[in-house]
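Participant: Mind folding the following:
(2 chains)
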Amino acid sequence: MSAVLPKNMESTVNFDLAAASLRELNATLQSLSPDTNQTAWTILNPRGEHALAVGITVPVSVTINGHAGYYCAGMNDGAAVTINGNVGTGVAENMMSGLVHVKGDASQSAGATAHGGLLIIDGNASARCGISMKGIDIVVKGNVGHMSAFMAQSGNFVICGDAGDALGDSLYEARIFVKGKVASLGADCEKKEMTEEDKTILANLLQKAGIEDSVESFTRYGSARTLYHFHVDNVGAY
Amino acid sequence: MNETPISHIPRTLPRFSATFDPHSIAEIQRAAATGIYDIRGGGTKRKLPHFDDLLFVGASISRYPLEGYREKCGTDVVLGTRFAKKPIHLKTPVTIAGMSFGALSGNAKEALGRGASAVGTSTTTGDGGMTPEERGHSQTLVYQYLPSRYGMNLTDLRKADAIEVVVGQGAKPGGGGMLLGQKISPRVAQMRNLPEGIDQRSACRHPDWTGPDDLEIKILELRELTNWEKPIYVKVGASRPYYDIALAIKAGADVVVLDGMQGGTAATQEVFIEQVGIPILAAIRPAVQALQDLGMHRKVQLIVSGGIRTGADVAKAIALGADAVAIGTAALISLGDNSPEFEDEYRKLGTTAGAYDDWHEGRDPAGITTQDPALAARLDPVKAGRRLANYLSVLTLEAQTIARACGKSHLHNLEPEDLVALTLEASAMAQVPLAGTNWIPGKTF
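Facilitator: Purely as a prediction, here's the structure:
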């Protein structure tokens, strides 16, 4: 680690992963107190390391200059993590709160099972983006791969590009907004009327992500709720 | 000409088919009427090669026994010695398997915590997250990391004493959890972030990793999230134990949990319970072989489960190479499940004490597998916890009795050489000789 400053000096702290270990990085970030004045961190030379900046529980900003591996910002609870690069599988998985902003593309299962916070992906996201999401808001400026929002339980998922096959398969109560084409909908996912509440939610997320598209250019999808109870007539969908 | 009156001609007795037996016929009729498979709780009910098919040979001239009431026979076990900074120390090698709040009532979970803590062993959460009551009453609590991630959060993760990555379970290897609408109460729904009253189907695969290489990275993340303090378990259903255990070790597990098909479940399809997976007796030796081949036996600890009922079962599992066992169904029975006390109510449900398995319906007269407040209130968690503690003590005492008879000063000193098999099947599966011979089918001639 380079130049960790005393707590009484507010400044950006550079942490060089070419000179220190992943364990040192995460231990340092996880041990910050809520009133720390070391509120801005820059991680240099991430070189695709896995589990970068996981489990942070204080509202600091962390900027990763380069590509990150699996589970970047996993279980984040309050930090604002920006990745100036691409990320591997499971970025912001199970996030509780905070912000994760990927400036590049994201691999599979972005935002998986996350309970809260906002995940913004400037590029494309691969398969299973938003799988089992439980309250997170996700905005993908590009396209998403197949099986995105699979078993998505709650939260809001904005896709500015196209969606792959089986979007929203076995969906629960998450809201999905798509601007582009949908290759196919998954079981129990259907097109919905855009309510005023939907428009307010979508407009807010577009504004947070710095997107100027109109809410009218999006289509809203949600659960048809036909699979909420086992029924022999639905056997083909199980 | 036959002059015997028709009324005196012997008649062929009604004969049931061995193939289309009464159970099979009833199931065909039930399926035809409903169009849906049967769902139930518990584990397999078919007869399988099991620990009953093994015997300890004990000590005589060639082996020296220990005094039953004087000489010490240790029972403690340390789990998680490979990488974790804070391994778990248990006084008895009998742990409580994962069972969810949702599948079980809050009082039942509290009773499990009380009973286990009283004898110095661990309990395990389930599909649905950790409740404050459970954490509060469990001295040592293992937090399950399941495909659904219901209730999974960083705060609880860090409160846990160990983390168990659940890949599968013995009752349904390859299947996810199931909790029908009757049990999705407001609190269960809130914990799982689901609408109330729906039939909930958990995923069967983890949402953010696939295969052993990914699992290795997932374990790294879990360690990084918890300061490398907590033992990481990996639980698999008994299916291909040699390869699955080898891959779990390769992925970095501190502890591997192997659950045979006798292991129970809160709810799943009968056909899954009875037709998928292998008996625990057949799974232990391949798992131990994997540990030995990788130089990890007793370094990565092995917990086995599925059909453990007695101290003899505990001792046999350990003699075959396990470090500890886990009990689920037996623990529920000790709390009061299937008690004759509720026979009248079991009859009203169309069953009888000892056979009740409709745990998914939430109408358990014993107040254990239910979310109905009135039924749940029937279970006194203090008294039920005491019954579990008694039972766990008996398991430990019985295992010690056998170990001393075999001349062992610690349960972990039991070994396959202490065992013989009563049947060819058990001999082949457990890889111990048929009693009175030196023959192990497939191993010796």
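
Participant: Who are the contact partners of B:P212?
Facilitator: B:247-248, B:250-251 (Cβ atoms under 8 Å, 6 or more residues apart in numbering or on different chains). Yep, even glycine has a C-beta here, placed from its N, CA and C like the rest.

Participant: ok, then the element right after the helix or strand it falls within?
Facilitator: Using DSSP states H and E, B:P212 falls within helix B:211-225. Scanning forward in sequence from helix B:211-225 by DSSP H and E, the next helix or strand is strand B:232-237.

Participant: roughly how far out does the helix or strand just after that next one sit from the chain middle?
Facilitator: Using DSSP H and E, the next helix or strand after strand B:232-237 towards the C-terminus is helix B:241-250. A distance of 19 Å separates the centroid of the chain from that of helix B:241-250, by Cα atoms, centre = their mean, to the nearest Å.

Participant: Could I get the buried residue list for helix B:241-250?
Facilitator: B:241-242, B:244-249 (16 or more other Cβ atoms under 10 Å in any protein chain shown).

Participant: top helix in chain B by residue count?
Facilitator: Identified as the longest helix of chain B according to DSSP state H is helix B:381-405.

Participant: give me every residue that touches the nearest residue to B:G306 once chain neighbours are set aside.
Facilitator: Closest residue in space to B:G306, ignoring its immediate chain neighbours: B:G260 at 2.9 Å, by Cβ to Cβ, 6 or more residues apart in numbering or on different chains. Contacts here follow Cβ under 8 Å, 6+ apart; on that basis B:G260 touches B:170, B:238, B:277-283, B:304-307.

Participant: Distance check, the spatially most central residue of chain A against B:G277.
Facilitator: Residue closest to the average C-alpha location in chain A (Cα atoms, centre = their mean): A:L119, at 3.2 Å. Distance, A:L119 to B:G277, using Cβ to Cβ, to the nearest Å: 38 Å.

Participant: OK, contacts around the residue nearest to B:T401 when sequence neighbours are not counted?
Facilitator: In space, not counting the residues next to it along the chain, B:T401 is nearest to B:G68; the distance is 6.5 Å by Cβ to Cβ, 6+ apart. B:G68 is in contact with B:401, B:404-405, counting by Cβ under 8 Å, 6+ apart.

Participant: Could you measure from B:G68 over to chain A?
Facilitator: Using Cβ to the nearest Cβ, to the nearest Å, B:G68 is found at 49 Å from chain A.

Participant: How about B:N107?
Facilitator: Using Cβ to the nearest Cβ, one gets 27 Å for the distance from B:N107 to chain A.

Participant: Pretty sure that residue sits in a helix.
Facilitator: Yes: with DSSP: H, G, I helix; E, B strand; the rest coil as the criterion, B:N107 is located in a helix.

Participant: mind checking pLDDT for it?
Facilitator: pLDDT for B:N107: 95.

Participant: How about B:D418?
Facilitator: We have a pLDDT of 98 for B:D418.

Participant: now B:T423
Facilitator: At B:T423, the predicted lDDT confidence score is 98.

Participant: Make sure it is actually in contact with B:D53.
Facilitator: Yes: B:T423 lies in contact with B:D53 (Cβ atoms under 8 Å); the separation is 4.9 Å.

Participant: who's more crowded, the two?
Facilitator: B:D53 (19 against 14; other Cβ atoms under 10 Å in any protein chain shown).

Participant: Phi and psi next, for that one.
Facilitator: Phi and psi for B:D53, reported as degrees, to the nearest 10, are phi -90, psi 10.

Participant: Just give the number of residues close to the residue nearest to B:E343 when sequence neighbours are not counted.
Facilitator: Distance criterion Cβ to Cβ, 6+ apart; nearest residue to B:E343, sequence neighbours excluded, is B:A353 at 5.0 Å. Here the number of neighbours of B:A353 (other Cβ under 10 Å) works out to 18.

Participant: go on, B:A355?
Facilitator: Neighbour tally, B:A355, other Cβ under 10 Å: 12.

Participant: mind listing what it touches?
Facilitator: By Cβ under 8 Å, 6+ apart, the contact list for B:A355 reads B:338, B:346.

Participant: could you say what helices and strands the longest helix seen in chain A packs with?
Facilitator: Using DSSP H to define each element, chain A has its longest helix at helix A:196-208. With contacts taken as 3 or more Cβ pairs under 8 Å, 6 or more residues apart in numbering or on different chains; DSSP states H and E, helix A:196-208 sits against strand A:118-121, strand A:134-140, strand A:154-159, strand A:175-178.

Participant: Select, out of the ones you listed, the one closest to B:D364.
Facilitator: strand A:134-140 (28.5 Å; Cβ to Cβ).

Participant: by contact count, what packs against the closest one?
Facilitator: Partner elements for strand A:134-140 (3+ Cβ pairs under 8 Å, 6+ apart): strand A:118-121, strand A:154-159, helix A:196-208.

Participant: Can you name the residues in contact with it?
Facilitator: For strand A:134-140, using Cβ under 8 Å, 6+ apart, the contacting residues are A:92, A:95, A:106, A:110-111, A:113-121, A:124-125, A:129-130, A:153-161, A:205-206, A:208-209, A:211, B:149, B:193.

Participant: Next, the angle strand A:154-159 makes with that strand.
Facilitator: Counting by axes from the mean of the first three to the mean of the last three Cα atoms, to 10 degrees, strand A:134-140 lies at 10 degrees to strand A:154-159.

Participant: circling back: buried ones only from the contacts of strand A:134-140, please, as a ChimeraX command.
Facilitator: Burial among the contacts of strand A:134-140 is assessed by 16+ other Cβ under 10 Å; the matching ChimeraX selection reads:
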select /A:92,95,106,110,111,113,114,115,116,117,118,119,120,121,124,125,129,130,153,154,155,156,157,158,159,160,161,205,206,209,211 /B:149,193
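
Participant: buried sites along stretch A:42-57?
Facilitator: A:42-44, A:46, A:49-57.

Participant: restrict those to contacts with chain B.
Facilitator: Restricting the buried residues of stretch A:42-57 to those touching chain B (Cβ under 8 Å from any Cβ of the partner chain) yields A:50-51, A:54-55, A:57.

Participant: Format those residues as TSV; extra columns: pLDDT.
Facilitator: TSV is the format used below for those (pLDDT from 0 to 100):
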residue	pLDDT
A:H50	98
A:A51	98
A:V54	98
A:G55	98
A:T57	98
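
Participant: and which of those residues is nearest A:H146?
Facilitator: Nearest to A:H146 among those is A:H50, at 23.9 Å by Cβ to Cβ.
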